[in-house]
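Trainee: using only what follows, build the 3D model:
(one chain, ligands or ions: 1)
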Amino acid sequence: MKLVPGLQDSYNNGMFQAVRGTRDIFSPLVEEYVRLEAIARRLAAQWGFGEIRIPTFEEAGLFKRGVGETTDIVEKEMYVFEDRGERQLALRPEGTASVVRSYVENNMHQKEKNCRLFYVANMFRAERPQAGRYREFEQVGFEVFGDPGPLADAEIITLAWEIFKSFGLSDLRLSLNSIGCPECRGPYREKLETVLAQMISQLCEDCQNRHQKNPLRCLDCKKCSEKVRAQAPAFQLCAACQAHARIVEDLLGACGLTFVNDPSLVRGLDYYTRTVFEISSPVLGSQSAVCGGGRYDGLVELLGGPATPATGFALGVDRVVEARFKEKPPASPPLKEQAAFLVFVKAGPKAVEYGFGLAQRLRQKGVSVFCSSATDSIKSQMRQAGKSGAKYALMIGDDEFSKKQVLLKNLQDSSQATLSPEEVMTRLASPC
Ligand code: AMP
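Mentor: The predicted structure follows:
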């Protein structure tokens, strides 16, 4: 096959490999992804959120403006490409900017005072891959628009917590902070900038470049955060931000949530105001954050909409599933009580058709019927039946076809009975 001119083919010895930082996900992990997504959807409905599907790629400028030019995501991690119309596009590295773009584009503020949206979507970041850090990963995110109050912040934090609890995670840490509003952050930025200027030679290249443009980011830098935090001035919230933070804490307390106040928590994205939070799982090692979020009152306006308060979070599905496996590996899959495996025993074409038709009717009644190839040996078919978890084997051959019967074998206790197709339907389609 000829590739698009200029494209390199990494086809190597007749075989391809998944791209670095991406992976295939198999059972039993897949079932846990599906279970977590189902829990998120169920709780989203209970909390009044509607689902939104966002595009996989957007104009790169959306993330540049929305996430922030001086963030690691935009500076180093975005998959940016030019399409055939020479537009600069980016694979989405996070969901909030897209949801806000959609909120503004579709005039949602005019339709709903308090708009609540959630998404389930894969994200793409060219980070250095390691355990728990992938270049393609899944997030479930929730956003609340139009509510400036602390109750909305407390609500999204309790929602995140409930999702983890319902999924079965027990060992979690909730860290909370307020990074204030532009009014109280302004003077703090100036003070921090002065301190950073004094220690400039000790800072990494990134922090040297951003210490004026976005000094707060140096508090969050993987390389410099420790030394910067040791010398950083204490952050003073204004009275309104203090009151907001206190109410969030009281509301979380009212729901029985325990948290630690972490003044060093500033989060990596530029758009946060006031409440920021992170939930981590100690079983995960270095990449322990399973969820992060907070309030972003300035973002809707920054992306061309009317001034609209907003708050939200995103949880990392891959890490949550990994934490669940580490905390409590799932037991081996339960026996599929109502399932049957179709085994052909000396079956000619007519007997195969007979068995095939019966399998189809059973499936239409909601019974799971698995089968292998009719050309496999009986021994191989029985081995596959045992592995499938099915409780029964439906044994069909020329003999059964001519008598319009089925030999139903219980794979658990090896008992067997010769039944008519109707009797099999009744036995398997009704729960025992
Ligand atoms: P963020 O959008 O950076 O606040 O991330 C929210 C959550 O997504 C984090 O708490 C992680 O659980 C997850 N996450 C972020 N980056 C990655 C990654 N590269 N691989 C896997 N999960 C990630």
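Trainee: up against the ligand, what does this structure have?
Mentor: Counting by Cβ under 6 Å from any ligand atom, the residues of the chain lying close to the ligand are 94, 125, 127, 133-134, 137, 139, 268, 289-292, 314-316, 318-319. (C-beta placed from N, C-alpha, C; glycine too.)
Trainee: neighbours of Gln139, how many?
Mentor: Using other Cβ atoms under 10 Å, Gln139 has 20 neighbouring residues.
Trainee: grab the nearest non-local neighbour of it.
Mentor: Closest residue to Gln139 apart from its sequence neighbours, by Cβ to Cβ, 6 or more residues apart in numbering: Ala314 at 4.4 Å.
Trainee: likewise for Leu196?
Mentor: His211 (4.1 Å).
Trainee: and the one residue in the stretch 301-432 of the chain that gets nearest to the ligand, what are its bridge partners?
Mentor: Closest contact between the stretch 301-432 of the chain and the ligand, by Cβ to the nearest ligand atom, is at Gly316 (2.2 Å). Judged by DSSP bridges, the bridge partners of Gly316 are Gln139.
Trainee: looking at it, it is touching Leu284, isn't it?
Mentor: No: contact between Gly316 and Leu284 fails when scored by Cβ atoms under 8 Å: they sit 9.9 Å apart.
Trainee: single out the residue in the stretch 101-250 of the chain that lies closest to the ligand.
Mentor: Counting by Cβ to the nearest ligand atom, the stretch 101-250 of the chain gets nearest to the ligand through Phe137 (3.5 Å).
Trainee: residues touching that residue, list them.
Mentor: Asn122, Met123, Arg125, Gly316, Val317, Asp318 (Cβ atoms under 8 Å, 6 or more residues apart in numbering).
Trainee: skipping its backbone neighbours, what lies nearest the fifth one in space?
Mentor: Nearest non-adjacent residue to Val317, counting by Cβ to Cβ, 6+ apart: Glu138, 3.9 Å away.
Trainee: count the neighbours of that neighbour for me.
Mentor: The burial count for Glu138: 20, using other Cβ under 10 Å.
Trainee: and it, what's its pLDDT?
Mentor: Glu138 carries a pLDDT value of 98.
Trainee: can I assume it is in contact with Tyr119?
Mentor: No: counting by Cβ under 8 Å, Glu138 stays clear of Tyr119, with 10.4 Å between them.
Trainee: against Val266, how distant is the nearest residue to Ser225 once chain neighbours are set aside?
Mentor: Leaving out its chain neighbours, the residue that sits closest to Ser225 by Cβ to Cβ, 6+ apart is Leu219, at 5.9 Å. Per Cβ to Cβ, to the nearest Å, Leu219 is found 5 Å from Val266.
Trainee: what residues are shared contacts of those two?
Mentor: Overlap between the contact sets of Leu219 and Val266, as judged by Cβ under 8 Å, 6+ apart, is nil.
Trainee: got a PyMOL select line for the buried ones in the residues of the chain next to the ligand?
Mentor: Only the buried entries of these go into this PyMOL selection, using 16 or more other Cβ atoms under 10 Å:
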select buried, resi 94+125+127+133+134+137+139+268+289+290+291+292+314+315+316+318+319
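Trainee: so which of the residues of the chain next to the ligand sit within strands?
Mentor: Phe137, Gln139, Ala289, Val290, Cys291, Gly292, Ala314, Leu315, Gly316 (DSSP state E).
Trainee: I'd like those as a markdown table, with distance to Lys223 appended.
Mentor: Shown next, in a markdown table, are these (distance: Cβ to Cβ, whole Å):
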| residue | distance to Lys223 |
| --- | --- |
| Phe137 | 23 |
| Gln139 | 25 |
| Ala289 | 18 |
| Val290 | 23 |
| Cys291 | 24 |
| Gly292 | 20 |
| Ala314 | 24 |
| Leu315 | 26 |
| Gly316 | 22 |
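Trainee: what's the closest of these to Glu77?
Mentor: When those are compared for distance to Glu77 (Cβ to Cβ), Phe137 wins out at 11.9 Å.
Trainee: in the protein, where is pLDDT below threshold?
Mentor: Scanning the chain for pLDDT under 70 picks out 1-13, 268-270, 333-334, 430-432.
Trainee: swap in 80 and give it another go.
Mentor: For the chain, the stretches with pLDDT under 80 are 1-14, 220, 222, 267-271, 330-337, 430-432.
Trainee: mark out where each domain of it begins and ends.
Mentor: Structural domains assigned to the chain are 29-180+237-327, 336-429, following automatic domain parsing.
Trainee: which of those sits most buried?
Mentor: Highest mean neighbour count of the domains of the chain: domain 29-180+237-327, a mean of 18 (counted as mean count of other Cβ atoms under 10 Å).
Trainee: and it, how far apart are its ends?
Mentor: Its start and end residues considered, domain 29-180+237-327 measures 14 Å (Cα to Cα, to the nearest Å).
Trainee: again, but for stretch 342-349
Mentor: Using Cα to Cα, one end of stretch 342-349 lies 15 Å from the other.
Trainee: just stretch 227-247 next, same as before
Mentor: 32 Å.
Trainee: ok, stretch 204-222 next?
Mentor: End-to-end distance (Cα to Cα), stretch 204-222: 10 Å.
Trainee: quick one, phi/psi of Phe63?
Mentor: For Phe63, the backbone dihedrals (degrees, to the nearest 10) come out as phi -80, psi -30.
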